[in-house]
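Chemist: No letters, just coordinates:
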Ligand SMILES: [Zn+2]
C-alpha cells in the first residue's frame, strides 16, 4: 500500500503512480527521477527549496503551491489556497489548512500562522488518497480529512509532537500513518517510534531514501 511512497527525509517525499513522478516538499535531494508534479506546502526553506526543485524539474513539470512559495519559484505553477481543489495531470489534489495553535516563534506569533494560508495536500494516486499534512499542529479541520494514508509531522518545536500526532491520527483515522518532519536535524527516529507506540492506527516508519 505504501511501496510507491518514498520518504526522502524531513517532509520530503517522492510518490510514483498513475504513470507520474510526484514530489512533495523536495529538500536536500541527491539525484532522482524527474518530476511531473511538484507540490510545495509553504515557503519555508526546508519545504520550498528552489535549488532542489531545479534538480528534479523538467520542461513540463507543474508546481502546485501557495502564493508565498510561488514567489520564490518560476515556470508553470498552479497557485492554491486552503480549500482549493485541482486536477493537475489527471491527479486530484485538495489543498487543506496547515497552521500552528501551540508552537510560537515569539509570544503570540506562531511559526505557521493560520492567516499565512499554508497548506497540506490530499492527493489521489493509484486510487489511494494520500494526505501530506504540511507544517501543522493538530487542528479541527483534520476532522474533515478523508484519506487512506496520512503523512504526519512528529518532531514538535515547529509542528505537532509525537503525542499530538497520535491525537491527530485518532481524528483522521487513516489506514496507515507515516511519521515525517524528522531525520534532517529536526526530530529523530525516537519521535517516530514514540508516535508508533501512541497511535491508535497502524504506523509505518519508512526508511529514509536518497
Ligand atoms: Zn515551516
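Modeler: That came in fine, so what should we check first? Nothing here was measured: the structure is a model prediction, and the numbers come from that model. Numbers count the residues shown, from 1 in each chain.

Chemist: Are we agreed that residue 15 is in a helix?
Modeler: No - going by DSSP: H, G, I helix; E, B strand; the rest coil, the assignment for residue 15 is strand, not a helix.

Chemist: State the distance from it to the ion.
Modeler: In this structure, residue 15 lies at 20 Å from the ion, with CB to the ion, to the nearest Å as the measure. (Each C-beta comes from the backbone N, C-alpha and C, glycine too.)

Chemist: Run through the bridge partners of that residue.
Modeler: residue 5, residue 22 (DSSP bridges).

Chemist: quick one, what contacts it?
Modeler: Taking CB atoms under 8 Å, 6 or more residues apart in numbering as the criterion, residue 15 is in contact with 4-6, 21-24, 123, 125, 130.

Chemist: mind redoing it with 10 Å?
Modeler: By CB atoms under 10 Å, 6 or more residues apart in numbering, the contact set of residue 15 is 2, 4-6, 21-24, 37, 39, 91, 123, 125-126, 128, 130, 132, 149, 151.

Chemist: Share the number of residues neighbouring the residue nearest to residue 67 when sequence neighbours are not counted, please.
Modeler: The spatial neighbour of residue 67 that comes closest, neighbours along the chain excluded (CB to CB, 6 or more residues apart in numbering), is residue 79 at 5.6 Å. Neighbourhood size, residue 79 [other CB atoms under 10 Å]: 14.

Chemist: With the one 5 residues further on instead?
Modeler: Counted with other CB under 10 Å, the burial measure for residue 84 works out to 15 neighbours.

Chemist: For residue 37, grab phi and psi.
Modeler: Summarising the backbone geometry of residue 37 under the convention degrees, to the nearest 10, its torsions are phi -130, psi 140.

Chemist: And for the nearest residue to it once chain neighbours are set aside, the neighbour number?
Modeler: Leaving out its chain neighbours, the residue that sits closest to residue 37 by CB to CB, 6+ apart is residue 22, at 4.5 Å. By the criterion of other CB under 10 Å, residue 22 has 26 neighbours.

Chemist: what about residue 103, neighbour count?
Modeler: 19.

Chemist: check contacts around it.
Modeler: By CB under 10 Å, 6+ apart, the contact list for residue 103 reads 110-112, 135-137, 156-161, 164.

Chemist: now do residue 95
Modeler: 39, 41, 64-66, 78-86, 117-123, 134.

Chemist: same check, this time on residue 173
Modeler: For residue 173, the set of contacting residues under the criterion of CB under 10 Å, 6+ apart consists of 142-143, 145-147, 150, 200-201.

Chemist: so residue 147 is in which element?
Modeler: Using DSSP states H and E, residue 147 sits in no helix or strand.

Chemist: Excluding sequence neighbours, find me the nearest residue to it.
Modeler: Using CB to CB, 6+ apart and skipping the chain neighbours, the partner closest in space to residue 147 is residue 131 (3.9 Å).

Chemist: Direction included, what does the helix or strand containing the one you found pair up with?
Modeler: Element membership for residue 131, per DSSP H and E: strand 128-132. The partner list of strand 128-132 in its sheet, established with DSSP bridges, is strand 119-125 (antiparallel), strand 149-153 (parallel).
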